[in-house]
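[1] Sequence below, structure please.
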Amino acid sequence: MNNIYEPEFVKKLFNQMSSSYERMNYITSFGFSIRWRKQFLDKLGKSDENLNVIDLLSGLGENWTFLKNNFPNANFHALDFSEEMISQSYKKKQKVFEDNLDLRCEDMLNNNLKSNYYDIISCAYGLKTFNNEQLEILAKEVNRILKPNGKFSFVEVSKPKSQFLLYFYRFYLGKIIPILGKIFLGNPDNYKMLWIYTQNFGDSEKVKEIFERHNLKVNLDSYFGGCSTGISGKKL
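    Purely as a prediction, here's the structure:
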């Protein structure tokens, strides 16, 4: 198998999954993905101020309605390196933001974002596609682009610590999801990767440790018995 953390491999994978990714996210999370999105974004609070908000690894823009509701007067930005994800998200961009969204097709690990510029960073379901070295770069970039006291929140599908939950979750993600991927795409291999990434990722504990090394105050968050975990906090 190719190095599954190589940016070009990950980009190709998400380009191929772009037409069905939002629907499959809902299915792979037992329908909880929408609830988890709201919960992890609520960690950022709400504000009527004129803030700079960026959604990293923005995919199909699944976070955008929540962000717009929570920060109605903000300037919105989004970044993803999958050309197909960006293309598929344009309709949602127009629907939610009209013209008030700076949508960038860039690699977060090698970007042109301004330093000390953003008040709010959100990111859903992208952490598992980074290895530890890449997570170090991500944490460094989060520290660089956030203003002092700026807030961030990340969420990721994770391996629950409960053996009971883990047994069913492993079977569901490892066996059932590829079958659904074949139904939707005619290709189950892409969706097999979801469990491989999740299995390798484990949970967000190591992400917390890495982010804490980069001048960030970090909380570890858990959702639905650890089937999803995340980090939230602020730049010191």
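[2] Let's check: the centremost residue of this protein is which one?
    residue 124 (2.2 Å; C-alpha atoms, centre = their mean).
[3] Contact partners for it?
    Residue 124 is in contact with 37, 40, 57, 59, 62, 63, 154, 155, 156, counting by C-beta atoms under 8 Å, 6 or more residues apart in numbering. Backbone N, C-alpha and C define where each C-beta goes, glycine included.
[4] Could you list the buried residues of stretch 35-51?
    Neighbour-count burial for stretch 35-51, counted by 16 or more other C-beta atoms under 10 Å, picks out 36, 37, 39, 40, 41, 43, 44, 47, 51.
[5] Regarding the closest residue to residue 131 other than its chain neighbours, what is its secondary structure?
    What sits nearest to residue 131 in space, not counting adjacent residues and going by C-beta to C-beta, 6 or more residues apart in numbering, is residue 5, at 4.4 Å. Classification of residue 5 using DSSP: H, G, I helix; E, B strand; the rest coil returns coil.
[6] any idea which element the residue of the chain positioned farthest from its centre lies in?
    The outermost residue of the chain, judged against the average C-alpha position, is residue 164 (26.1 Å), by C-alpha atoms, centre = their mean. Under the criterion of DSSP states H and E, residue 164 resides in helix 163-171.
[7] Now that helix: average pLDDT?
    When pLDDT is averaged along helix 163-171, the result is 76.
[8] Show me what it is in contact with.
    Here helix 163-171 has contacts from 159, 160, 195, 199, 225, 226, 227, using C-beta under 8 Å, 6+ apart.
[9] Next step: those residues restricted to helices.
    Among these, the ones falling in helices (DSSP state H) are 195, 199.
[10] Nearest to residue 20, out of the contacts of helix 163-171: which one, please.
    residue 195 (16.5 Å; C-beta to C-beta).
[11] isn't the closest one right up against residue 189?
    No. Applying C-beta atoms under 8 Å, one finds residue 195 not in contact with residue 189, separated by 11.7 Å.
[12] and those two? which has more neighbours close in?
    residue 195 (22 against 12; other C-beta atoms under 10 Å).
[13] And the helices in this structure?
    So, for the chain - with DSSP H - the helices run 7-17, 21-28, 33-42, 64-70, 83-88, 90-97, 132-145, 163-171, 177-185, 189-201, 205-212.
[14] May I see the buried residues of the longest one?
    Neighbour-count burial for helix 132-145 flags 134, 135, 136, 138, 139, 140, 141, 142, 143, 144, 145 (criterion: 16+ other C-beta under 10 Å).
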